[in-house]
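Asks: Using only what follows, build the 3D model:
(one chain, ligands or ions: 1)
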Amino acid sequence: MTTATSKGLEGIIAGDTQICSVAQGDLIYRGYEIHDLAANATFDEVAHLLLVGHKPDAKELQFFRDELIANRALPTQVIDYLRAAKPMLKEGTCVPMDALRTAVSILGNLDKDSQDNSPEANLRKAKRLTAKIPTIIGHMQNIIDGKELIAPNTGGNAKLSHAANMLYLMTGEKPSPEATKTVDVSLTLYAEHDYNASTFTCRVICATLSDMHGAVTGGIAALKGPLHGGANEAAMDMLAEIRKDIGPDNDPAKIEAWMHQAFKDKRKLMGFGHRVYKNGDHRAPILHALGRKTAEQKGAEFVKLFELGEKVQQIMLDEKNIHPNVDFPCGMTYYTMGIPVPQYTPIFVAARVTGWCAHIMEQHANNRLIRPIATYTGPALKKWND
Ligand code: SDX
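Replies: Numbering: from 1, shown residues only. Predicted coordinates:
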């Protein structure tokens, strides 16, 4: 039995999957390439592809959409928790990713299929989670804003698509077609990425034959970290820090000086680098183009943000040969759309829950406990009573 070892399991093949291929050449979801999906599929269709396993025909898509719409509303126990979380969110001991994690855990406590890992029950739970996570985000934002919940009985507006309804739940306004398209594509780009840290977390948890809600709760905890999904918030925080430090004019010399200081301080610049993609993340240019278009519609302040980001990107590439990952354009794009920064990673969850659940179903369908070994580097053997 080969026993390869590598810090952070870099380069280790920990299994196989029929769901996604992540390579410098292509990013593929069940045979469809990411540029094709971003240009031609909606997130609801991608969610069906990942969860049900194939591209839906018109009838299947309508049925799937109706199922999600019928399951958007939250149980009162989850709404009660979100209200109770308000002081914790205000205090900062709890951030939206934490509140989302707890809310998903409560959904598990209430789900009639919670203890059933059969393929049928898992698919029902996956659809309920996909339907409800945008509602948790929306209601949480209403509570943070001190506003009445928007459409608590239905979980939104049945006439709106999945992506549009999530924006509507957060603001109470129906989003423009452009804003809907931008968020819808961002959800497709974020939906799935083979054995990334949070997905692998889900697979380790469910490989013990634990349940889907427990695994997704673990996935949310893993995704929160700024080395992973939390980077989209951290990237926007970093750009705001640069803006504060150098002033409003994008002076190239000041940006360079800021970056060189960051290099000197050995700072990890958020939204850059990737464990697998060393020559660029396929998703980043797609989202950057959409976000920049949004910025051009929104006005000069937002165009200047993208110009600052493009200058930072250029320096990272020229001096470190490090490319942006999808989280860098995401931060600028969601900021331009007026989405509150602490909701960026929860929105990542709203997309990635489809990938996580696809992997959980795949693991349960052909399971073996995931249990690597470790090399012991502790003290030599000694006697307790010596
Ligand atoms: C996501 O795995 C996935 O697929 C994840 C994801 C998905 O869809 O699920 O794509 C989503 O998590 C994207 C990544 C988001 N994280 C960040 O943007 C955080 C900043 N990035 C880095 O922390 C880092 O690039 C990682 C964590 C993403 C990857 O780290 P690795 O593979 O462990 O690489 P490393 O840290 O060993 O870096 C190699 C070298 C180091 O230089 P040396 O110490 O060898 O001189 O590159 C440098 C690093 O210092 N480096 C960076 C850097 N990323 C790597 N230097 C400055 N800023 C960075 N962002």
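
Asks: all contacts plus neighbour counts: C-alpha atoms, from now on.
Replies: Noted.

Asks: Report the secondary structure state of Ile28.
Replies: strand (DSSP: H, G, I helix; E, B strand; the rest coil).

Asks: So what's the residue count around it?
Replies: 20 (other Cα atoms under 10 Å).

Asks: What of Lys147?
Replies: With other Cα under 10 Å as criterion, Lys147 counts 13.

Asks: Enumerate the residues of the stretch 51-200 of the chain near the ligand.
Replies: Applying Cα under 6 Å from any ligand atom, one finds that the stretch 51-200 of the chain approaches the ligand through 190, 193, 196-197.

Asks: These in helices, which ones?
Replies: Members of these lying in helices (criterion: DSSP state H): 190, 197.

Asks: now, the most widely separated pair of the residues of the stretch 51-200 of the chain next to the ligand?
Replies: For these, the maximum inter-member distance is 13.7 Å, found between Tyr190 and Ala197 (Cα to Cα).

Asks: Look at these two and report which has more neighbours.
Replies: Tyr190 (24 against 18).

Asks: where's that one relative to Ile347, distance?
Replies: 9 Å (Cα to Cα, to the nearest Å).

Asks: Same question for Leu305.
Replies: Separation of Leu305 from Ile347 (Cα to Cα) stands at 21 Å.

Asks: and what of Asn196?
Replies: Going from Asn196 to Ile347 by Cα to Cα gives 17 Å.

Asks: repeat for Met316
Replies: Counting by Cα to Cα - Met316 and Ile347 are separated by 27 Å.

Asks: These two - which one has more neighbours?
Replies: With neighbours defined as other Cα under 10 Å, Met316 and Ile347 compare such that Ile347 has more, 24 against 19.

Asks: How about the backbone phi and psi for that one?
Replies: phi -70, psi -30 (degrees, to the nearest 10).

Asks: For it, give me its contacts.
Replies: 134, 137, 187 (Cα atoms under 8 Å, 6 or more residues apart in numbering).

Asks: In which helix or strand does the most centrally placed residue in the chain reside?
Replies: In the chain, the residue lying closest to the centroid (Cα atoms, centre = their mean) is Phe348, at 2.3 Å. Using DSSP states H and E, Phe348 sits in helix 344-365.

Asks: Please identify the buried residues of that helix?
Replies: Across helix 344-365, burial judged by 16 or more other Cα atoms under 10 Å covers 344-364.

Asks: Kindly report the same for stretch 257-272.
Replies: Neighbour counts using 16+ other Cα under 10 Å place 258-259, 269-272 of stretch 257-272 among the buried residues.

Asks: Now cross-check those residues against the ligand and list the overlap.
Replies: Near the ligand, by the rule Cα under 6 Å from any ligand atom, you find 269-272 out of these.

Asks: As JSON lines, those with secondary structure would be great.
Replies: Supplementary listing: these in JSON lines, determined by three-state DSSP:
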{"residue": "Leu269", "secondary structure": "coil"}
{"residue": "Met270", "secondary structure": "coil"}
{"residue": "Gly271", "secondary structure": "coil"}
{"residue": "Phe272", "secondary structure": "strand"}
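
Asks: right, and out of those residues, which lies closest to Gly309?
Replies: Gly271 (10.5 Å).

Asks: excluding its backbone neighbours, what's nearest that closest one?
Replies: Counting by Cα to Cα, 6 or more residues apart in numbering, Phe328 is the residue found nearest to Gly271 once chain neighbours are left out, at 4.2 Å.

Asks: Secondary structure element for the one you found, which one?
Replies: Counting by DSSP H and E, Phe328 is found in helix 327-336.

Asks: go on, Ala103?
Replies: Ala103 belongs to helix 96-110, assigned by DSSP H and E.

Asks: For that helix, which residues meet the burial criterion?
Replies: Under the neighbour-count criterion of 16+ other Cα under 10 Å, helix 96-110 has 96-108 buried.

Asks: Could you do stretch 36-52 as well?
Replies: So for stretch 36-52, counting by 16+ other Cα under 10 Å, buried means 37-38, 41-51.

Asks: export those to TSV and tack on pLDDT and secondary structure?
Replies: As requested, those are exported to TSV (pLDDT from 0 to 100; DSSP: H, G, I helix; E, B strand; the rest coil):
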residue	pLDDT	secondary structure
Leu37	98	helix
Ala38	98	helix
Ala41	98	coil
Thr42	98	coil
Phe43	98	helix
Asp44	98	helix
Glu45	98	helix
Val46	98	helix
Ala47	99	helix
His48	98	helix
Leu49	98	helix
Leu50	98	helix
Leu51	98	helix
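
Asks: which among these gets closest to Ala289?
Replies: Ala38 (12.0 Å).

Asks: list the contacts for the closest residue to the closest one other than its chain neighbours?
Replies: The spatial neighbour of Ala38 that comes closest, neighbours along the chain excluded (Cα to Cα, 6+ apart), is Val185 at 5.6 Å. Residues in contact with Val185 (Cα under 8 Å, 6+ apart) are 38, 42-43, 287.

Asks: now the angle from the strand or helix carrying Val185 to helix 344-365?
Replies: Using DSSP H and E, Val185 sits in helix 177-190. In terms of direction (axes from the mean of the first three to the mean of the last three Cα atoms, to 10 degrees), helix 177-190 departs from helix 344-365 by 40 degrees.

Asks: Can you list the buried residues in helix 177-190?
Replies: Under 16+ other Cα under 10 Å, the buried positions of helix 177-190 are 179-190.

Asks: wouldn't Thr294 be in contact with Tyr335 here?
Replies: No: using Cα atoms under 8 Å, Thr294 makes no contact with Tyr335, being 10.4 Å away.

Asks: hey, where'd the helices end up in the stretch 251-386 of the chain?
Replies: Remark: helices assigned in the stretch 251-386 of the chain by DSSP state H, counting those that start in this stretch are 252-264, 283-298, 300-320, 327-336, 344-365.

Asks: who does the second one touch, helix- and strand-wise?
Replies: The one in question is helix 283-298. Applying 3 or more Cα pairs under 8 Å, 6 or more residues apart in numbering; DSSP states H and E, one finds that helix 283-298 contacts helix 34-40, helix 177-190, helix 300-320, helix 327-336.

Asks: With that, I have no additional questions.
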